[in-house]
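Could you work out the structure for the sequence below:
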Amino acid sequence: METLGTLAVVSVKRWQAVAFGLALPISSWAFGSSCFPGIDAHQKQYLVASGTLMLEAAREKKLNKNEVEFPVWVSGYERGWFARVVEKSPTRTVLGVTPKEGKVFNGLLLASSNQQIGGLDRNETLNCRTLVDVSHLKSMVGGQLPKKGQFWIYVVKPKLMKKPVGKYPMQQSDVDNFLTGCLEQSKTFSLPQFAEQCVDFTVGWSQNWANDRERPAGGKLVQNKRKQIDDLLERLEGGLFEKVLNE
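Numbers count the residues shown, from 1 in each chain. So this is what the prediction gives:
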């Protein structure tokens, strides 16, 4: 079995797998780590994308691929603005996923490989990778999901789960990247409501939200979907996005 033994070992509890009865083989735990468990090289590998990796440019940069298997409903997990970035600039709060019974969000299922997953692990500081049972996934476009393979999802480390605050706000550039990816998938799979569902099935929208759109903290953004993104954000209650635009 190929392992990720060369990756940096991060000490966290193994509550992700235990909470959902997704116990890994003993050999995986023995040769991997609790945050990045070992991968079975004899099985096909899949990733559940919940945020950045729904953007084509991000997939090409991080995975060297742009293909998507299925848009999926992911049950038993919650997506939200509750992952706090503290180790690099700009400090902020970004999208994350956490196990939560009764919750659901829309995402993508990506075929992957040991090498691609290893590359993500090496650059990961906010999340741990854990197995998700395929029964938690449902295709949004019909057709059968793969029946065999390992299905992985990245979940926020509990110690980094924090709401946006003044020093760690949401950044508009992160919102724009997320929703651009959602709009891309809406068009690709002819799912008119997919981008709206990205807004509706994401929690933690906050007044602690910095408008860095004109000077993105993370560099140049795709701007050709700005009007569509603004229209989507008008769905938020209390005129929240209007306050951001008027900063």
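
low-confidence ranges in the chain?
1-32, 218-224, 246-247 (pLDDT under 70).

Residue nearest the middle of it, spatially speaking?
Among the residues of the chain, the one closest to the centroid is residue 50, at 3.2 Å (C-alpha atoms, centre = their mean).

Need phi/psi at it.
phi -120, psi -20 (degrees, to the nearest 10).

residues of the helix ranked longest in the chain that come out buried?
Counting residues, the longest helix found in the chain (DSSP state H) is helix 172-188. Residues 172-186 are the ones in helix 172-188 that count as buried (16 or more other C-beta atoms under 10 Å). Heads up, the C-betas are built off the backbone N, CA and C, glycines and all.

Quick check: the residue nearest to the centre of the chain vs residue 182, distance?
To residue 182, residue 50 is 11 Å away according to C-beta to C-beta, to the nearest Å.

Would you state the helices of the protein in chain order?
With helices called from DSSP H, the chain shows them at 15-19, 26-31, 56-62, 114-122, 172-188, 194-200, 226-233, 240-245.

contacting residues around the fifth one?
Right, the one you point to is helix 172-188. 51-56, 58, 68, 71, 92, 94-95, 108, 191-195, 197-199, 209-213, 216-218, 221-222, 225-226, 228-229, 232-233, 244 (C-beta atoms under 8 Å, 6 or more residues apart in numbering).

what's the answer for stretch 50-60, then?
47, 49, 62-63, 65-66, 74, 77, 79, 94-97, 105, 107-108, 110, 153-154, 177-178, 180-182, 184-185, 222.

buried ones in it?
For stretch 50-60, by 16+ other C-beta under 10 Å, it's 50-56, 58-59.

any chance of these in CSV, with distance to residue 116 too?
Formatted as CSV, those follow (distance: C-beta to C-beta, whole Å):
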residue, distance to residue 116
50, 16
51, 17
52, 14
53, 11
54, 16
55, 16
56, 15
58, 13
59, 10
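
Mind telling me the two of the residues you listed farthest from one another?
Within these, 50 and 56 form the most distant pair, 15.6 Å apart (C-beta to C-beta).

out of the helices of the chain, nearest to residue 87?
Nearest of those to residue 87, taken as C-beta to C-beta: helix 114-122 at 14.5 Å.

Residue 125: what's it in contact with?
With C-beta under 8 Å, 6+ apart, residue 125 has these contacts: 87-88.

distance of it from residue 159?
Relative to residue 159, and taking C-beta to C-beta, residue 125 is found at 12 Å.

So which other helices or strands are in contact with the lengthiest strand in the chain?
The longest strand of the chain (DSSP state E) is strand 92-112. Helices and strands touching strand 92-112, by 3 or more C-beta pairs under 8 Å, 6 or more residues apart in numbering; DSSP states H and E, are strand 45-49, strand 70-85, strand 150-156, strand 170-171, helix 172-188, helix 194-200.

Would you give the sheet partners of it, along with the direction of each?
strand 45-49 (antiparallel), strand 70-85 (antiparallel) (DSSP bridges).

Distance to residue 133 and mean neighbour count added to those strands, as CSV?
CSV is the format used below for the strands paired with strand 92-112 (distance: least, C-beta to C-beta, whole Å; neighbours: other C-beta atoms under 10 Å):
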stretch, distance to residue 133, mean neighbour count
strand 45-49, 11, 22
strand 70-85, 8, 21
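
and residue 142, which of the ones you listed is closest to it?
Comparing the strands paired with strand 92-112 by C-beta to C-beta, strand 70-85 comes nearest, at 9.3 Å.
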